[in-house]
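Engineer: Model the following, please.
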Amino acid sequence: MSAGVPVLAILGGGQLGRMLGLAAARLGVRCRFMDPADNAVAGHVGEIIRDSFEAPARLDEFVRGASAVTYEFENVPAALAERIAAMGVRIHPCPLALRTAQDRLLEKQLFRRLGIGTPDFEAVDTFEAMRAAVERIGLPCVVKTRRYGYDGKGQAVVREPGDLIPAWNLLQKGVPGAHVIEPPAVPLIVEGFVPFDRELSVLAAGGAGGAADERVYPLTENRHEGGILRISRGPAPGLSPALQAEGEAIARRVGEALGYVGLLAVELFQVGERLLANEIAPRVHNSGHWTMDGAVTCQFENHVRAVMGWPLGDASARGCSAMVNLIGSHPPAERLAAIPGVHLHLYGKQPRPGRKLGHLNVVGDSQQEREARLEVVLKAISG
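Structural biologist: Numbering: from 1, shown residues only. So this is what the prediction gives:
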């Protein structure tokens, strides 16, 4: 690294790290990444330190000269974040936020302490405890692993008593079976099924100055298929001022409780005019990709600004945007780029079923223009 150039060290070298690196470069910040993979796509935009997260041998090299350390996904071991903090290196978001977001039970307990609405929930460690929790919470319900769940993984819907054993076995060992697998190996949480109107998320950038140094983006509407986010709309259609204010209050309470610096996402269910909190993501988030072309300052730039201790940028929307994930495959890039109003973001990954290869953003001056352009995009992808 050149002398005098600020350095941001990032744990993880996937597409979120790649996009953080692109945003940092615009600010004159160079990024260094740690990742165990030999083909991490963040290597397109910065130096890669190939190393293990569990037992890193090159940690000193990774943090050397860095102004700050952050991470691009929440499954980085919290012990590693704590080790970096103990070295006297600034790391944001803090290890407490990472530990909380890694455990669905700790998330729900945090929401409850802060007076934020959630579905009913109960932690379980045995099949009989799961059965009893389901009886108390009622059917249908959702059973989830407490850790390592994303994109619909690590969860099963229980709609009738006959679903109990298959759900238990799937989450314990990933296999079907007519008999209960014992002894248990994976702690679970049972949650009430929420008959939501739609899924939303709120993204907030917290700066070092606390509540006075915060920027909150307009709430985003999200549509999932097969547990994977397919389309986000920002701002969410039909967003009332009261709903936006409630979403902002949720993000603010969580951020204050965790002493949060960086980009925080809270996934929400809208039920009527009420919001229930589902999960938090202590990082930049897929549902915020629309901000790259549809906000004054995108989520990636505001995350870099926050963790580096710089002033935050305006999080206001510019028009109405929609983001479409490109999953598994996509038409030729030149065909997508030719669609009016489309901004194409590819991650340099090899196609593979279920893999996020990139995304498209469409921006219009109104919701009507956004929806018209989105329809053209969806036809181009499906055709």
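Engineer: C-alpha from now on. contacts and neighbour counts both.
Structural biologist: Fine.
Engineer: Dihedrals phi and psi, Leu276?
Structural biologist: The phi and psi torsions at Leu276 (degrees, to the nearest 10) take the values phi -110, psi 140.
Engineer: I'd like to know how far it sits from Gly227.
Structural biologist: Relative to Gly227, Leu276 is positioned 18 Å away (C-alpha to C-alpha, to the nearest Å).
Engineer: Have a look at the two and say which one is more surrounded.
Structural biologist: Leu276 (21 against 12; other C-alpha atoms under 10 Å).
Engineer: which residues touch that one?
Structural biologist: Leu276 makes contact with 116-119, 268-270, according to C-alpha atoms under 8 Å, 6 or more residues apart in numbering.
Engineer: same thing with Lys349?
Structural biologist: Contact analysis of Lys349 by C-alpha under 8 Å, 6+ apart lists 41, 357.
Engineer: Can I take it that it is in a strand?
Structural biologist: No - counting by DSSP: H, G, I helix; E, B strand; the rest coil, Lys349 falls outside a strand, being coil.
Engineer: Spatially, what comes nearest to the residue most central in space within the chain if we skip its sequence neighbours?
Structural biologist: Using C-alpha atoms, centre = their mean, the residue of the chain that lies closest to the mean C-alpha position is His285, 3.7 Å off. The spatially closest residue to His285, leaving aside those adjacent along the chain, is Ala265, at 6.4 Å (C-alpha to C-alpha, 6 or more residues apart in numbering).
Engineer: Test my guess that that neighbour contacts Val202.
Structural biologist: Yes - using C-alpha atoms under 8 Å, Ala265 is in contact with Val202, at 5.7 Å.
Engineer: Common neighbours of the two, please.
Structural biologist: Ala251.
Engineer: Give me the more crowded residue out of these two.
Structural biologist: Val202 (26 against 22).
Engineer: who's in contact with the residue nearest to the more buried one when sequence neighbours are not counted?
Structural biologist: In this structure, Val202 finds its nearest non-sequential neighbour in Leu219, 5.0 Å apart by C-alpha to C-alpha, 6+ apart. Counting by C-alpha under 8 Å, 6+ apart, Leu219 makes contact with 200-203, 234-236, 239, 244, 247.
Engineer: Buried by neighbour count, from those residues: which ones?
Structural biologist: For the contacts of Leu219, a burial check counting by 16 or more other C-alpha atoms under 10 Å picks out 200-203, 234-236, 244, 247.
Engineer: Count the neighbours of Ala245 for me.
Structural biologist: 13.
Engineer: what residues are up against Cys94?
Structural biologist: 81, 258-261.
Engineer: How far does stretch 241-253 sit from its chain's centre?
Structural biologist: Stretch 241-253 has its C-alpha centroid displaced from the chain centroid by 18 Å (C-alpha atoms, centre = their mean, to the nearest Å).
Engineer: and what of stretch 326-339?
Structural biologist: 24 Å.
Engineer: cool, stretch 9-16 as well?
Structural biologist: 13 Å.
Engineer: Give me the buried positions along that stretch.
Structural biologist: Using 16+ other C-alpha under 10 Å as the test for burial, stretch 9-16 gives 9-16.
Engineer: Save the residues you listed as a markdown table, and put in pLDDT too.
Structural biologist: Formatted as a markdown table, the buried residues of stretch 9-16 follow (pLDDT from 0 to 100):
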| residue | pLDDT |
| --- | --- |
| Ala9 | 98 |
| Ile10 | 98 |
| Leu11 | 98 |
| Gly12 | 98 |
| Gly13 | 98 |
| Gly14 | 97 |
| Gln15 | 98 |
| Leu16 | 98 |
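Engineer: roughly how far out does the longest helix anywhere in the chain sit from the chain middle?
Structural biologist: In the chain, with assignment by DSSP state H, the single longest helix is helix 241-258. In terms of C-alpha atoms, centre = their mean, the centre of helix 241-258 is found 17 Å from the chain centre.
Engineer: Check which helices and strands it is in contact with.
Structural biologist: Counting contacts by 3 or more C-alpha pairs under 8 Å, 6 or more residues apart in numbering; DSSP states H and E, helix 241-258 packs against strand 198-206, strand 262-271, strand 274-281.
Engineer: repeat that with 6 Å
Structural biologist: Helix 241-258 is packed against no helix or strand, with contacts defined by 3 or more C-alpha pairs under 6 Å, 6 or more residues apart in numbering; DSSP states H and E.
Engineer: And for it, what's in contact with it?
Structural biologist: Helix 241-258 is contacted from outside by Ala97, using C-alpha atoms under 6 Å, 6 or more residues apart in numbering.
Engineer: Output that helix as PDB, restricted to C-alpha atoms.
Structural biologist: Only the C-alpha atoms of helix 241-258 are listed here, as PDB (Å, rounded to 0.1, in the frame of the first residue of the first chain):
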ATOM      1  CA  PRO A 241     -44.900   8.300   7.200                       C
ATOM      2  CA  ALA A 242     -45.900   6.400  10.300                       C
ATOM      3  CA  LEU A 243     -44.500   3.100   9.000                       C
ATOM      4  CA  GLN A 244     -41.300   4.800   8.000                       C
ATOM      5  CA  ALA A 245     -41.000   6.400  11.500                       C
ATOM      6  CA  GLU A 246     -41.600   3.000  13.200                       C
ATOM      7  CA  GLY A 247     -38.900   1.400  11.000                       C
ATOM      8  CA  GLU A 248     -36.500   4.200  11.900                       C
ATOM      9  CA  ALA A 249     -37.200   3.800  15.600                       C
ATOM     10  CA  ILE A 250     -36.500   0.100  15.500                       C
ATOM     11  CA  ALA A 251     -33.200   0.600  13.800                       C
ATOM     12  CA  ARG A 252     -32.300   3.400  16.200                       C
ATOM     13  CA  ARG A 253     -33.100   1.300  19.300                       C
ATOM     14  CA  VAL A 254     -31.100  -1.700  18.000                       C
ATOM     15  CA  GLY A 255     -28.200   0.600  17.000                       C
ATOM     16  CA  GLU A 256     -28.100   2.300  20.400                       C
ATOM     17  CA  ALA A 257     -28.300  -0.900  22.300                       C
ATOM     18  CA  LEU A 258     -25.300  -2.400  20.400                       C
END
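Engineer: I'm done for today, thanks for sticking with me.
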